[in-house]
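*Asks:* Need coordinates for the following:
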Amino acid sequence: MPTANLNNSSSAFNSQELEQYNCQIILPEMGLKGQQKLKDAKVLVIGSGGLGSPVLLYLAAAGIGTIGIIDFDVVDRSNLHRQILFTDNEIGSSKVELAKNKLEALNPSISVKTYYEKITSKNALEIIKEYDIVSDGSDNFPTRYLINDACVIANKTLIYASIYRFEGQVSVFNLLVDGVRGPNYRDLFPEPPAPNSIPSCAEGGVIGVLPGIIGTMQANETIKVITEIGEPLSGKLFIFDALKAESRTIKFSKNEDTSPVKELIDYEAFCGVNVLHEGLEDSLNEINISELVDLINGKEQIQIIDVRNPEEYAVNNIEGELIPLNEVKIRHKEISRDKRVIIHCKSGKRSERAIRLLQEQHGFNNLYNLKGGIDAYLSQASEALASN
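*Replies:* Numbering: from 1, shown residues only. Just a heads-up that it's a prediction; the model follows:
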């Protein structure tokens, strides 16, 4: 294997770094100059989950000098099929702290800073200003618009990626070329989709390898931008179909009709999240796990409706009647109006939507949302049953 030519310019690297990065340094497009750019770079990775896992691992291995990680989540068993940073014995632990330890073990020469918090309109600009590039591994539209707008205001390049079921997307937003910033997320998607029209991975599913494929491409775009090699996906949206092993690239440009971003706003309201839940809290009856167990053990007649997908139901269920969320509207006559009806999903979000729809469109007033969904039931019900 060729070995990098060591000269005075290598003095910024210790012998361990030169050995670790050797195969990268010998690339004519990279060299010690490109490796130094990586070492000097500061990259903020938002989210350490499906996309964040490969992004963080490859950026650390490549020698990015400073990596920031922001994530307020803990490891859940349902993460493990795609979030390769974590293991079964780490369930319940903070993702950012686990990620920091593993990245520093992979490459002791880098610095990792963690933010165990949710990125919001209040803290985004303060956090982002410390970094050169932002890599977005978020999984919801309010956060994507927030990150985009913060990068536009702070003049930062944004490496974007998203995944859903078998499809992934990658692009580079707000890239500075010859003193001019390239298109951003709002140029491609001026308006968010209708609330709940696109489920999250937890609701719609995702094949485990897809975030690995797309996250690796996201890391590649980050390295290209930092080292100024190749052709970054600025003004281009790369789309990959894992089922067909096909890809296509859509070109787009700045949208002159898009209003300039001047300040951060309420992104949940912008994406319709607040509107979706407006008035629901007052009319939403909730029931916790122990209350449900009492009802099951008691004499009261109840109906339990599961609004998850058939595939989820097949994995585990509490013997409720399966009426997937997308069928609730046409199967509402199967739901009793004469007894208490407990509606549940995985975590309680889809069941909220089902209740809202049934209340608003069909006048139901006997519906109860299972707080925490089947996830909470599986973790708590055995204890509740044992105490009876």
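*Asks:* Give me the secondary structure label for Cys23.
*Replies:* helix (DSSP: H, G, I helix; E, B strand; the rest coil).
*Asks:* show me the biggest helix of the protein in terms of residues.
*Replies:* helix 210-227 (DSSP state H).
*Asks:* Can you spell out which helices and strands pack onto it?
*Replies:* helix 31-40, helix 52-62, strand 133-136, strand 157-164, strand 167-173, strand 236-241 (3 or more Cβ pairs under 8 Å, 6 or more residues apart in numbering; DSSP states H and E). Every residue, glycine included, has its C-beta placed from N, CA and C.
*Asks:* Next SSE downstream of the last one?
*Replies:* Meaning strand 236-241. strand 246-251 (DSSP states H and E).
*Asks:* go on, the shortest one?
*Replies:* Next helix or strand after strand 133-136 toward the C-terminus (DSSP H and E): helix 141-154.
*Asks:* how far out from the middle of the chain is that next one?
*Replies:* 14 Å (Cα atoms, centre = their mean, to the nearest Å).
*Asks:* Give the bridge partners for Gln303, please.
*Replies:* Val341 (DSSP bridges).
*Asks:* And it, how far from Gly65?
*Replies:* Distance check for Gln303 against Gly65: by Cβ to Cβ, to the nearest Å, it reads 58 Å.
*Asks:* Give me the spatial nearest neighbour of Ser247, chain neighbours excluded.
*Replies:* Using Cβ to Cβ, 6 or more residues apart in numbering and skipping the chain neighbours, the partner closest in space to Ser247 is Phe240 (4.7 Å).
*Asks:* That neighbour touches Ile213, doesn't it?
*Replies:* Yes: the criterion here is Cβ atoms under 8 Å, and Phe240 meets it with Ile213 at 6.6 Å.
*Asks:* So between the two, which is more surrounded?
*Replies:* Phe240 (19 against 16; other Cβ atoms under 10 Å).
*Asks:* which neighbours do Phe240 and Ile213 share?
*Replies:* Counting by Cβ atoms under 8 Å, 6 or more residues apart in numbering, the shared contacts of Phe240 and Ile213 are Gly168.
*Asks:* Please identify the deepest-packed of the helices and strands packed on helix 210-227.
*Replies:* With neighbours taken as mean count of other Cβ atoms under 10 Å, these reach their highest mean count in strand 133-136, at a mean of 27.
*Asks:* roughly how far is it from the heart of the chain?
*Replies:* Chain-centre distance of strand 133-136: 13 Å, with Cα atoms, centre = their mean.
*Asks:* Then stretch 240-255?
*Replies:* 20 Å.
*Asks:* can you count the residues close to Thr66?
*Replies:* Based on other Cβ under 10 Å, the number of other residues close to Thr66 is 17.
*Asks:* mind checking pLDDT for it?
*Replies:* We have a pLDDT of 98 for Thr66.
*Asks:* before we move on, what about Lys122?
*Replies:* On the pLDDT scale, Lys122 gets 95.
*Asks:* quick one: secondary structure of it?
*Replies:* Quick answer, by three-state DSSP: Lys122 is coil.
*Asks:* Counting neighbours, what do you get for it?
*Replies:* Lys122 has 9 nearby residues by other Cβ under 10 Å.
*Asks:* where's it relative to Glu300, distance?
*Replies:* 46 Å.
*Asks:* Just grab the bridge partners of Leu158 for me.
*Replies:* Going by DSSP bridges, Leu158 forms beta bridges with Val134, Phe173.
*Asks:* Do I have it right that it meets Arg186?
*Replies:* No: judged on Cβ under 8 Å, Leu158 makes no contact with Arg186 at a distance of 11.2 Å.
*Asks:* what residues do these two have in common as contacts?
*Replies:* Counting by Cβ under 8 Å, 6+ apart, the residues touching both Leu158 and Arg186 are Asn148.
*Asks:* just the helices in the stretch 201-350 of the chain please.
*Replies:* If DSSP state H, counting those that start in this stretch is used as the criterion, the helices of the stretch 201-350 of the chain fall at 201-204, 210-227, 267-270, 273-277, 280-283, 289-297, 310-315, 349-362.
*Asks:* next one: the longest one to chain centre, how far?
*Replies:* On the basis of Cα atoms, centre = their mean, helix 210-227 is displaced by 15 Å from the centre of the chain it belongs to.
*Asks:* likewise the last one?
*Replies:* If you compare the mean C-alpha spot of helix 349-362 with that of the full chain, they lie 25 Å apart, counting by Cα atoms, centre = their mean.
*Asks:* Quick one: closest of the helices and strands packed on helix 210-227 to His362.
*Replies:* strand 157-164 (29.7 Å; Cβ to Cβ).
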